[in-house]
Every structure is written in C-alpha cells, then in structure tokens.
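Trainee: what shape does this take:
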Amino acid sequence: MSAETATRTARYAPTGRDYGYTNARVRGMRSRLLKQAFFDDLMSSADIGAVIQKVLQTEYGPELEDRILHGRTATQVDEALKDNMVGTFRKVMSVSNDEGRRLLTTLLGRWDLFNVKTIIRGIHMHLDHAVITDSLITVGQLSQVDADELARQSTVQGVVDTLATWRLPFAVPLREALPEYLESEDLSILELALDRYYYDWAAKKLKGRRENVRLARAFLGTQVDTINLLTCLRLLNSDLPAEDALRFFLPGGVRVTEGLFIELAGMSDVDEVFQRLKRTPFGAPLEEVAIAYIEKGSVSVFERALEDYLFRRAFATSKGDPLGIGISISYLWAKANEVTNLRIVVKGISVGMPVERMREELIIV
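Mentor: Predicted structure coming up:
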C-alpha cells in the first residue's frame, strides 16, 4: 500500500466499532454484482472475443482493458478477473473499521492457506510455474510478488525455507512436518499441518462475546465442518482404526464433533453417511449430488456441494445485524463466487464446453 493510499484510508476509514459507513459502501458495491441473466447471456457467447466485449461493459472493464493490451485471450481475461477481485477486497478492507479489518483479515487468511497449499501441491507434482500461478488469488496477506517467488522454487523444501526466511507464520507448521513428508512423500502430511495451524490460529483470533466476533467464529467453524466432512467421505472404505482416522480431524467445527467424525470415517457406504447426516444442515446438499456421485464415482461432486453450502452460509451472514460485519463477509464471498463463476465460463467458452456443462459448475444465488 502506498503512503498516499494509507493516508486516504486513515482519513476515511472508521476506527471504532461503527459499521454504518462500511456497510453503506459495501451495499453500493454489492448492488453491482452480476445477475443470472448476465451469465446466461455470457454462456451463449460464440467465442472469447464475444466474452471480452460483454465483460468490458461490466465493472471488470477497466482491468480487462489493461490486460487485453497484451492479447485478447482467455488467459488475459482470467488475469483481469483476478485483478478486479484483489482490488475489490482491498477496497472493502480500506473502508472497514478496526474491528472489521481484524475479523476480515482473520477470515481471509484462508486464501493465504489456499495459495500456500496450491504452490506446495504444484511443486510436489512438478507442475510448471505458469500452471501453479494460474490458480492463485492473492487477496490475503501474501502478495502477488511473494506468491510468484514461492511458485518459482524448485522444491517443497525451497518453499518452506523461503517462508522461514520471510518469517511468515506458515513456515512453523511446515518445518515441523517437513521431515515426515520428505521421508514418505505424502503431501497430505503438509496440507493437514497447514490446515491445523491456520484454523487454530484463526480460532484464537476470534475469541470474544461481541456479536460480530461470534458471527465470524461461527462461519469459521462452518468451514472446519465442511473440511472434516470431505475428509470423512474420502476415508470411506479405508478401514482405518479410529485412532488413525482421528489424525485427520480438525478441531473447531460447529456441528462435526470428534465423535461424529470417527463415526462417519468408519462407515463403508455413502448411503450410511447420508442417513447419519439427514437431520443436519449438510443432509440436503449432499443428497442432491448423490446421483452425480453414483454416475461419476468421484468425491469431487461432494466437494463442490460442500463448497456451495459454504458460499450460501456466507451469503446468509448479511441477514442478521444490518450494522454488523455480516454485510462485508457476505459481499466478499459473493464477489469471490462471482469471479469463480466468470472464470468457469471464460474457460468453458475457450475450450468449447457445452452450455449445460458450464451451468452445472456455477453457483448462482
């Protein structure tokens, strides 16, 4: 952030606990979110050139104009979408009060977690630098320059050493788990260490009785629940003893307790899981994709369903206190979802994906 930007932020951003100014600004931004009709029209585009013309007419236009100077390609459109998302998140942070910035910074740490895991996964799989960075969105504390430097490392050890040199927190769990990873080459060891570190750190940051803190903590707990449920689904038919399965449990969830996790992880059939979760909030979203799971035989359909559920929980945070943090949480996740949807359509048009296939991938609320 430049000195001039910092000065403007200090001058206009509220410093206390009043969310009135912030929420007025965020509501204005939320009114510009794209409607389903736009996506329907975008998916009917003949080629990437038509996509560019349509997106130029939206609030993504300025970033897209800059990017297409380097070529009117799907890659440049994708980069413009990410540029806009990063700028939007920074704008919300700049108009937030002290408490709001603290809560949002904590929740947005999941993007740093995602980026570090993506980089490590890419290097573990020996992917090209461009392939790794294509998936990164630097809306957390990790800058684009930092993420790019990490992605250029040739080994996972190099990533860990670089993070340690920079004195970034994620270096701590990675250095502890690195010897076991180097011996086994099991990537899940590092990913689990990162998950545990972030969610434990975030839970400690979100302690308190104030309503806004409680709302942010509940949303964080829902994220932990979805991760634990996905882990249980991946452990089906693994025949792991309870103590071994428990190694993968993340504490801090709202509904998925340690006991429920062990119970679900010990099941051998998806139908058993559905029946056990039927009376929980996760029952309906998982049931909706049961047929797709049978057809594809891939846990990825459950991952998408749980992601859909998490987004909808985020959107619902705005329905509480009209002068609370929920408005910002709802908007930021809605914006992230919008960018994800746009990226899916851009990629779909560029590779000739059928409209119905694109539509299945979108989360439209």
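Trainee: now residue 328: how far from residue 312?
Mentor: 17 Å (CB to CB, to the nearest Å). (Each C-beta comes from the backbone N, C-alpha and C, glycine too.)
Trainee: which residue is the nearest non-sequential neighbour of residue 115?
Mentor: residue 136 (5.0 Å; CB to CB, 6 or more residues apart in numbering).
Trainee: what's the pLDDT at that neighbour?
Mentor: pLDDT, residue 136: 93.
Trainee: all the helices of the stretch 251-365 of the chain, in order from the start?
Mentor: With DSSP state H, counting those that start in this stretch, the ranges of helices along the stretch 251-365 of the chain come out as 258-265, 270-277, 283-288, 290-296, 300-316, 326-351, 355-361.
Trainee: so what does the longest one touch, helix or strand wise?
Mentor: Put plainly, it is helix 326-351. Using 3 or more CB pairs under 8 Å, 6 or more residues apart in numbering; DSSP states H and E as the contact test, the elements touching helix 326-351 are helix 20-30, helix 36-43, helix 48-55, helix 74-94, helix 98-107, helix 211-234, helix 300-316, helix 355-361.
Trainee: cool, the second one as well?
Mentor: On a contact count with 3+ CB pairs under 8 Å, 6+ apart, helix 270-277 meets helix 211-234, helix 258-265, helix 283-288, helix 290-296.
Trainee: deepest in the core, which of those helices is it.
Mentor: helix 211-234 (a mean of 21; mean count of other CB atoms under 10 Å).
Trainee: look up phi and psi at residue 169.
Mentor: phi -60, psi -40 (degrees, to the nearest 10).
Trainee: off-centre distance for stretch 80-87?
Mentor: 15 Å (CA atoms, centre = their mean, to the nearest Å).
Trainee: quick one: mean pLDDT for that stretch?
Mentor: Rounded mean pLDDT across stretch 80-87 is 97.
Trainee: what does it contact?
Mentor: Stretch 80-87 is contacted by residues 55, 59-60, 63-64, 66-68, 137-139, 144, 335-336, 339, 342-343, 346 when judged by CB atoms under 8 Å, 6 or more residues apart in numbering.
Trainee: show the buried residues in these.
Mentor: With burial judged by 16 or more other CB atoms under 10 Å, the buried subset of the contacts of stretch 80-87 is 55, 60, 63-64, 67-68, 137-139, 335-336, 339, 342-343, 346.
Trainee: closest one of those to residue 155?
Mentor: Nearest to residue 155, judged by CB to CB, of the buried ones among the contacts of stretch 80-87 is residue 138 at 22.0 Å.
Trainee: that closest one and residue 111 touch, don't they?
Mentor: Yes: with contact defined as CB atoms under 8 Å, residue 138 reaches residue 111; the gap is 7.4 Å.
Trainee: ok, back up a step: now, which of the buried ones among the contacts of stretch 80-87 sits nearest residue 31?
Mentor: residue 335 (12.3 Å).
Trainee: show the pLDDT at the closest one.
Mentor: For residue 335, the predicted pLDDT is 97.
Trainee: the nearest residue in space to it that is not next to it in sequence: how many residues sit nearby?
Mentor: Once flanking residues are discounted, residue 335 sits nearest to residue 88: 5.6 Å by CB to CB, 6+ apart. Residue 88 has 21 neighbours, counted by other CB atoms under 10 Å.
Trainee: so which helix or strand takes in residue 179?
Mentor: For residue 179, the host element (DSSP states H and E) is helix 171-184.
Trainee: not counting that helix itself, show me its contacts.
Mentor: Residues contacting helix 171-184 (CB under 8 Å, 6+ apart): 120, 156-157, 159-160, 163-164, 186-187, 189-190, 192-194, 196-197.
Trainee: one more: stretch 198-214?
Mentor: Against stretch 198-214 from outside (CB under 8 Å, 6+ apart): 17, 19, 99-100, 102-103, 106-107, 109-110, 112-113, 169-170, 216-217, 220, 223-224, 250-252, 320-321, 324-326.
Trainee: at 7 Å what do you get?
Mentor: By CB atoms under 7 Å, 6 or more residues apart in numbering, the list of residues contacting stretch 198-214 from outside reads 99, 103, 106, 109, 113, 169, 216-217, 220, 224, 250, 252, 321, 324-325.
Trainee: and that stretch, average pLDDT?
Mentor: The model assigns stretch 198-214 a mean pLDDT of 95.
Trainee: measure residue 172 to residue 160 for me?
Mentor: Using CB to CB, residue 172 is found at 10 Å from residue 160.
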